[in-house]
Every structure is written in structure tokens, then in C-alpha cells.
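Asks: Make a model of this:
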Amino acid sequence: MTTASRPDADADADTAVPPAPKAVWQPQELPGSNGHPGERPDPAPAPVPAPAPAPASASADPHREAIRALEIELLGAERTLRRREVAARAGVSLLSARKLWRAMGFPNIGDEDVAFTEKDKEALTTIIELVRQEQLTEDAAISITRAVGQMTDRMVVWQIEAIVEEMVVQRGIPDAVARKALVSELPDLIEPLEKMLVYAWRRQMNAAVQRLALRAESGLRASEEGRDGDEDDAPLPLARAVGFADLVSYTSLSRQMNERTLAQLVQRFENKCAEIISVGGGRLVKTIGDEVLYIAESPEAGAEISLALAKAFTEDDLLPSARVSMVWGRILSRLGDIYGPTVNLAARLTSLAEPGTVLIDAMTASTLGGNEKFVLIPQQARTVRGFGEVHPVTLARGTGSGLVLD
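Replies: Next comes the predicted model:
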């Protein structure tokens with residue numbers, strides 16, 4: 001098992017509590033220690049008692065009380081601990097704890113700020129134990145923690161905005177009123193939303209294992225067709241169909257819309273893309289305003305998704321048509337995103353595609369040749385920045401009905 005990098009520089013070398021055998025995370029920095037070897041730690045600060053509840057009075061602000069009650073329910077307890085106390089109880093240096101909190105996306109907290117609960121200590125201990133038991137290196141633990149922080153941050157913002165928008169539309173109340181009402185109504189949603197999160201994580205983890213581990217080798221074998229081994233993407237570990245879909249005239253349209261209409265357009269675009277990509281067995285990697293990036297495990301699956309996207313936006317009365325591209329090749333998957341020449345080429349081809357059409361490169365076309373489901377129409381060679389001369393091919397529907405959406 002690979003061990004982590006050397007302990008952090010602020011480790012207390014003379015601490016009376018030695019690290020666990022084979023521990024790969026920095027040992028505990030005692031409360032009050034300045035982290036310099038050979039110096040005695042300062043006396044541990046006295047525990048901060050839980051703040052006494054404010055006396056009830058007729059002048060108490062019900063909204064503030066609701067916010068406080070919601071915080072306690074979400075955090076699992078009152079805030080009673082300082083950051084140094086949490087690190088000490090978890091048996092790790094403050095520097096190591098701060099690395100994990102930064103990775104999680106938490107703001108900086110001062111030494112005297114009473115900002116943590118016992119739940120924070122439990123979470124910190126959980127991550128640290130994975131490293132101490134050599135199940136993860138320190139770098140891997142920080143990377144995984146960052147993934148959790150970034151994904152959940154975006155998720156909760158999305159969920160809150162969706163709930164607020166629903167309240168505004170259904171109740172006919174202003175946005176500010178809806179956000180205030182959310183505080184008192186959210187407690188009833190916490191448990192079901194948490195259950196859905198755990199359920200979805202387990203399902204997605206299983207799907208990712210299938211995609212990224214068990215079926216990776218078959219994809220690489222399929223990618224060998226038409227290649228001589230000198231391609232720019234040859235060293236990359238995964239073979240995937242990479243596609244882009246880009247709404248036509250989005251910039252000019254957005255200038256003519258108010259905020260709510262633009263939000264509805266973007267949401268409709270993202271929802272339709274997510275549905276088609278999911279039905280086609282692909283994965284939506286990310287959305288960037290008027291553009292989506294997606295992948296599929298085979299050239300055929302990528303082609304079906306791409307054709308379905310182009311058709312759907314051409315037939316949608318509320319959305320403009322889309323330019324779509326797809327390239328089969330090797331990629332690198334990191335931090336939930338994908339990288340490599342295949343991704344860059346697909347992005348370049350999107351700008352060359354005509355509205356309502358799908359454009360692929362000659363190598364991708366060779367993997368689809370002979371498949372009756374697709375018609376391949378060679379186009380004039382084009383010079384593409386970073387790739388030189390490229391021979392694009394228009395992909396069109398052949399036999400069959402393509403993806404069927406419920």
C-alpha cells in the first residue's frame with residue numbers, strides 16, 4: 001500500500017502522545033502547542049460551555065429562532081468547540097485538520113471562534129483513520145474530501161434554488177419572502193433529501209465501478225481500430241466517446257430575455273440533455289452555460305446520444321437548435337472532469353458543425369463504418385487549431401428509430 005507524503009512541518013516532535021504504529025497522518029498537535037519541537041505545549045484551553053439558551057420574551061425574533069433551530073438540526077449539535085480542540089480530539093495536528101477543512105470548502109475560522117461540534121470531530125476522525133490504516137494516502141484523502149465538498153456545495157445550492165423557485169411560482173410570493181419561509185419548511189425535507197443522497201451515491205458508485213474499472217479494458221481494445229500507436233492520446237487510460245452539444249445563438253437570445261425566462265431556457269436545455277444522455281447510457285460530465293459535455297462507453301452509444309440531442313433541439317419549439325460533435329478516443333478522468341486531445345478535438349468540431357447536425361472526425365467515422373444505423377457524409381478538410389488538417393464527417397441517422405424516450 002502506498003504511504004502518504006512526509007508528515008506536515010508543524011508536527012510536535014516531542015509530544016507525549018506518540019503516533020500509532022505505521023500512522024501516515026501527522027500525529028496530534030496538543031491544544032495550545034505552537035508546533036515547534038522541544039517546546040512544552042501551552043495548557044489546554046478550558047472547554048467552552050454550550051451557550052445558554054436565550055430567555056424567551058415577547059420581543060424574541062421568531063425568524064432568528066427558526067434559523068438557530070435549523071442550524072442545530074443540520075449540524076447535529078450546538079457549536080461548542082474551537083478548531084484546535086477539534087483537531088486535538090481527533091488526534092491530528094491543526095495544520096492537517098485545516099487541510100481537510102479547506103478541501104471540504106469551509107471558510108477560515110479563527111482560533112477563538114466557537115464554530116464546531118462533536119459531529120465535526122467524528123467526521124475528521126473518519127477521514128484520518130482511513131489514512132492511518134493505510135487505506136488511503138494523505139493526498140488521496142484530501143482529493144476525495146475535495147470531491148465531497150465541491151459536489152455537495154453545488155448540490156445544496158441547486159436544491160435550495162429549486163425549492164425557492166417552486167415556492168415563488170406556486171404561491172405567487174416574492175423571492176425574498178420564499179427564502180425566509182424556506183427556513184421554517186426545510187426541516188421537513190432534511191431526512192428525505194439525505195436518504196436520496198445516500199441512495200444516489202450508492203447507485204452512482206456501482207455504475208462508476210462498472211464504467212471505470214470493469215469495462216475499461218474492453219473500451220481500450222475497441223479504441224485500437226485504425227490507430228498506429230503514435231496518436232497524442234495513446235498513453236491515456238480510458239477509451240470513451242466524447243461529445244459536446246452547444247445551443248445556437250444563445251448569447252444573442254440571452255440579451256433579449258429577463259432573468260426568469262433565461263433561467264427557464266437553461267433549465268429546459270440541461271434537463272433535456274440529462275434525460276437523453278442518461279437514456280443512452282452515457283454520463284453528463286458538466287454543463288457550461290449553453291453547452292454540455294458528455295461521454296459514452298462505445299462509439300455507437302456516443303453516436304446515438306449525439307443524434308438524439310441534435311434531433312431533440314431541432315424539434316423543440318422553445319429552444320434553439322444545437323451544434324453537436326462526437327469523437328471516439330482516449331481520455332484522462334480527474335476531479336470529476338475529463339481531459340486529453342479527444343476532448344479538445346470534440347470541442348473544436350462543435351464550432352464547425354452546422355445547426356441541427358452532428359460532426360465527427362475521420363477516425364471516429366471508421367469505427368462506425370458498416371453500421372446500418374448511421375450514415376456518414378465526408379466533408380471538406382478543415383484546418384483546426386492545435387490539430388492541423390482534420391477531415392470532418394457529418395453523422396446522420398440510418399436505419400432504426402434511434403433512442404426512444406419515455
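Asks: Return the distance of Phe106 relative to Asp113.
Replies: Distance of Phe106 to Asp113, given as Cβ to Cβ, to the nearest Å: 12 Å. From N, CA and C alone the C-beta is placed, and that goes for glycine too.
Asks: Name the strands paired with the top strand by length along the chain and say parallel or antiparallel.
Replies: The strand that spans the most residues within the chain, counting by DSSP state E, is strand 322-334. Looking at strand 322-334 with DSSP bridges, its partner strands are strand 238-247 (antiparallel), strand 337-339 (antiparallel), strand 358-360 (parallel).
Asks: What residues sit buried inside the helix or strand just after the second one?
Replies: Using DSSP states H and E, the helix or strand that follows strand 337-339 towards the C-terminus is helix 341-352. Applying a neighbour-count criterion of 16 or more other Cβ atoms under 10 Å, one finds Pro341, Thr342, Val343, Asn344, Leu345, Ala346, Ala347, Arg348, Leu349, Thr350 buried in helix 341-352.
Asks: Equivalent analysis for stretch 264-274, please.
Replies: Buried-residue list, stretch 264-274, by 16+ other Cβ under 10 Å: Leu265, Val266, Phe269, Lys272, Cys273.
Asks: Of all the strands paired with strand 322-334, which one comes closest to Val131?
Replies: Ranking the strands paired with strand 322-334 by proximity to Val131 (Cβ to Cβ) places strand 337-339 first, at 24.8 Å.
Asks: Okay, buried residues for the closest one please.
Replies: Counting neighbours by 16+ other Cβ under 10 Å, strand 337-339 gives Ile338 as buried.
Asks: Check stretch 102-118 too.
Replies: Ala103, Met104, Val114, Ala115, Phe116, Thr117.
Asks: Shouldn't Glu112 be within a helix?
Replies: No: counting by DSSP: H, G, I helix; E, B strand; the rest coil, Glu112 falls outside a helix, being coil.
Asks: hang on, isn't it packed against Arg82?
Replies: Yes: contact criterion Cβ atoms under 8 Å: Glu112 and Arg82 qualify, at 6.6 Å.
Asks: Could you look over the strands paired with strand 322-334 and pick the most buried one?
Replies: Comparing the strands paired with strand 322-334 by mean neighbour count (mean count of other Cβ atoms under 10 Å), strand 358-360 comes out on top with a mean of 30.
Asks: Quick one: low-confidence residue ranges for the stretch 101-250 of the chain.
Replies: Residue ranges of the stretch 101-250 of the chain with pLDDT under 70: 211-237.
Asks: Please, where are all the helices along it?
Replies: With DSSP state H, counting those that start in this stretch, the ranges of helices along the stretch 101-250 of the chain come out as 118-132, 138-171, 175-185, 187-209, 216-222, 250-255.
Asks: got those helices as JSON lines, with distance to Thr383 columns?
Replies: Formatted as JSON lines, the helices of the stretch 101-250 of the chain follow (distance: least, Cβ to Cβ, whole Å):
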{"stretch": "helix 118-132", "distance to Thr383": "50"}
{"stretch": "helix 138-171", "distance to Thr383": "37"}
{"stretch": "helix 175-185", "distance to Thr383": "49"}
{"stretch": "helix 187-209", "distance to Thr383": "38"}
{"stretch": "helix 216-222", "distance to Thr383": "29"}
{"stretch": "helix 250-255", "distance to Thr383": "25"}
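Asks: from those, which stretch is densest packed?
Replies: Highest mean neighbour count of the helices of the stretch 101-250 of the chain: helix 118-132, a mean of 19 (counted as mean count of other Cβ under 10 Å).
Asks: by contact count, what packs against that helix?
Replies: Contacts defined by 3 or more Cβ pairs under 8 Å, 6 or more residues apart in numbering; DSSP states H and E place helix 118-132 against helix 83-90, helix 94-104, helix 138-171.
Asks: Restricting to C-alpha, output the second one in PDB.
Replies: Same thing as helix 94-104. C-alpha atoms of helix 94-104 as PDB (Å, rounded to 0.1, in the frame of the first residue of the first chain):
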ATOM      1  CA  LEU A  94      -4.200  21.700  13.400                       C
ATOM      2  CA  LEU A  95      -2.400  22.100  10.000                       C
ATOM      3  CA  SER A  96      -3.600  18.700   8.900                       C
ATOM      4  CA  ALA A  97      -7.200  19.400  10.100                       C
ATOM      5  CA  ARG A  98      -7.100  22.700   8.200                       C
ATOM      6  CA  LYS A  99      -6.000  21.000   5.000                       C
ATOM      7  CA  LEU A 100      -9.100  18.800   5.200                       C
ATOM      8  CA  TRP A 101     -11.400  21.700   6.100                       C
ATOM      9  CA  ARG A 102     -10.100  23.700   3.200                       C
ATOM     10  CA  ALA A 103     -10.600  20.700   0.900                       C
ATOM     11  CA  MET A 104     -14.200  20.500   2.100                       C
END
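Asks: Buried residues in that helix, which are they?
Replies: Buried-residue list, helix 94-104, by 16+ other Cβ under 10 Å: Leu94, Leu95, Ser96, Ala97, Arg98, Lys99, Leu100, Trp101, Ala103, Met104.
Asks: same thing with stretch 67-83?
Replies: Of the residues in stretch 67-83, Leu70, Glu78, Arg79, Thr80, Leu81, Arg82, Arg83 count as buried by neighbour count, 16+ other Cβ under 10 Å.
Asks: Output these in a markdown table; the columns should cover distance to Leu189 and pLDDT.
Replies: Putting the buried residues of stretch 67-83 into a markdown table (distance: Cβ to Cβ, whole Å; pLDDT from 0 to 100) gives the following:
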| residue | distance to Leu189 | pLDDT |
| --- | --- | --- |
| Leu70 | 11 | 91 |
| Glu78 | 22 | 92 |
| Arg79 | 23 | 93 |
| Thr80 | 26 | 93 |
| Leu81 | 28 | 93 |
| Arg82 | 31 | 93 |
| Arg83 | 30 | 93 |
